[in-house]
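In: sequence unknown, structure follows:
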């Protein structure tokens, strides 16, 4: 039996787990199976082929994450619980204008501001841990990173319900302007950071990930206040598409991993310098080989989702504009990003790419690529426009 087949069998049979962990994983599998069945039963008359495929992909993805990463199960249930309270209040006829809980806590904008506070505290905690070795600060940074993710995803779920308040035809997934997009970026990036932190058993990288997320969050607050993008508006016809629910999540999983890879690249360079100078940072960051592997894994995972998202975007473009590719500025820069990371992965696997200081070269590459990704994600919308200028300020 191949190694891959053995690993799949090991996962499906909950092998290697203690009795309590096995029971929890089995309950998780039963919970997701019942949930997927209920979604199919309630909406099967409205579903068509792609929606059944999406349901299946979500089922497999959530199953895998929940079994491989037990903390994800708690997060998922927490997000559902918080979102269910907010959605129930809105569906009962309450609004932020007549309900204190909604006004201060459970309306989406309030949750995003609470999320901003959690990001700030988390960034400070991780930063203190890295540079002072204060373990308690690192623990608080870790806890508030989890709070960030829970508030962000729950807030997005509640915001989805809020989009139906103005008029039923307004209802849409909340990823249609820069404000919503930055919320999703902050939340998704924090989630993937926590996953990699759990795999690596090291909190030093939080001092790179969470401050970067804090910068994105400051931009989020700014576009919400200065340009009123925190107000829900009807979306243009081109965005009223099923494909937005596939294309956008794939792209944001990719962006999150590319941004994290850039920060790991910076951490690699600082760790390398710390080894030369004898700095205490050596004790709080993974070794160079591990940092290079983490960075490579992030780029690979992001590249896979960026490829899938770009293909799905081309299918959407064909349906919306009549062609798969039009050399729109966003499409052109997406191709530049794709080629950049394709070259990175090629050079990483290429033995002729100078084994001497190879890790340093790749670290610089990942860090500098932050500019390319950011311009594709934000710069094109702000400065170049084109068919994809939905998030223009």
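Out: Looks like it arrived, so ask away. Keep in mind the model is a prediction, meaning the values are calculated, not measured.

In: now the helices for the stretch 51-200 of the chain?
Out: 70-91, 100-101, 108-132, 135-162, 178-200 (DSSP state H, counting those that start in this stretch).

In: Mean neighbour count for those - can I get that in JSON lines?
Out: (Glycine included, C-beta is placed from N, CA and C.) Output for these, formatted as JSON lines (neighbours: other CB atoms under 10 Å):
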{"stretch": "helix 70-91", "mean neighbour count": "16"}
{"stretch": "helix 100-101", "mean neighbour count": "12"}
{"stretch": "helix 108-132", "mean neighbour count": "21"}
{"stretch": "helix 135-162", "mean neighbour count": "22"}
{"stretch": "helix 178-200", "mean neighbour count": "23"}
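
In: okay if I get those helices as a markdown table plus distance to residue 298 and mean pLDDT?
Out: Converted to a markdown table, the helices of the stretch 51-200 of the chain look like this (distance: least, CB to CB, whole Å; pLDDT from 0 to 100):
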| stretch | distance to residue 298 | mean pLDDT |
| --- | --- | --- |
| helix 70-91 | 18 | 95 |
| helix 100-101 | 38 | 96 |
| helix 108-132 | 18 | 96 |
| helix 135-162 | 17 | 96 |
| helix 178-200 | 7 | 94 |
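
In: Next, the angle helix 70-91 makes with the helix or strand where residue 38 lies.
Out: Following DSSP states H and E, one finds residue 38 within helix 19-43. Inter-element angle recorded for helix 19-43 and helix 70-91: 40 degrees (by axes from the mean of the first three to the mean of the last three CA atoms, to 10 degrees).

In: what packs against helix 19-43?
Out: For helix 19-43, the packing partners by 3 or more CB pairs under 8 Å, 6 or more residues apart in numbering; DSSP states H and E come out as helix 49-68, helix 70-91.

In: For residue 171, which of the helices of the stretch 51-200 of the chain is the nearest?
Out: Distance to residue 171, taken as CB to CB, is lowest for helix 135-162 among these, at 7.6 Å.

In: Which other helices and strands does that closest one contact?
Out: helix 70-91, helix 108-132, helix 178-200, helix 206-226.

In: need those helices in TSV with distance to residue 138, can you?
Out: Output for those, formatted as TSV (distance: least, CB to CB, whole Å):
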stretch	distance to residue 138
helix 70-91	16
helix 108-132	3
helix 178-200	10
helix 206-226	7
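
In: closest one to residue 169 among the ones you listed?
Out: Per CB to CB, nearest to residue 169 of those: helix 70-91, 16.9 Å.

In: State the helix or strand in which residue 230 lies.
Out: Residue-wise, residue 230 maps onto no helix or strand under DSSP H and E.

In: which residues touch it?
Out: The contact partners of residue 230, taken as CB atoms under 8 Å, 6 or more residues apart in numbering, are 109, 112, 179, 224.

In: Pull the residues that contact stretch 306-324.
Out: 238, 241, 243-244, 246-251, 253-254, 258, 325-326, 331, 334, 337-338, 341, 387.

In: that older thread, for the helices of the stretch 51-200 of the chain, which one sits closest to residue 62?
Out: Nearest to residue 62, of all the helices of the stretch 51-200 of the chain, is helix 70-91, at 7.0 Å by CB to CB.

In: what's the angle from that closest one to helix 178-200?
Out: Using the same axes, to 10 degrees: helix 70-91 against helix 178-200 is 150 degrees.

In: Outside of helix 70-91 itself, list whatever touches it.
Out: With CB under 8 Å, 6+ apart as the criterion, helix 70-91 contacts 21, 24-25, 28, 62, 65-66, 99, 101-102, 106-107, 146, 149-151, 153-154, 157-158, 161-162, 165, 191, 194-195, 198.

In: same deal with stretch 261-272?
Out: Residues contacting stretch 261-272 (CB under 8 Å, 6+ apart): 204-205, 208-209, 212, 281-282, 285-288, 291-292, 294-295, 298-299, 302, 359-360, 362-367, 369-370, 373.

In: so how far is residue 328 from residue 271?
Out: Using CB to CB, to the nearest Å, residue 271 is found at 40 Å from residue 328.

In: who's more crowded, those two?
Out: Set side by side, residue 271 and residue 328 show more neighbours around residue 271, with 23 against 18, by other CB atoms under 10 Å.

In: relative to helix 108-132, how tilted is the helix or strand where that one lies?
Out: Secondary structure assignment for residue 271, by DSSP H and E: helix 244-277. Relative orientation of helix 244-277 versus helix 108-132 (the same axes, to 10 degrees): 20 degrees.

In: What's the mean pLDDT across helix 244-277?
Out: Helix 244-277 comes out with an average pLDDT of 94.

In: mind listing what's buried in it?
Out: 244, 246-272, 274 (16 or more other CB atoms under 10 Å).
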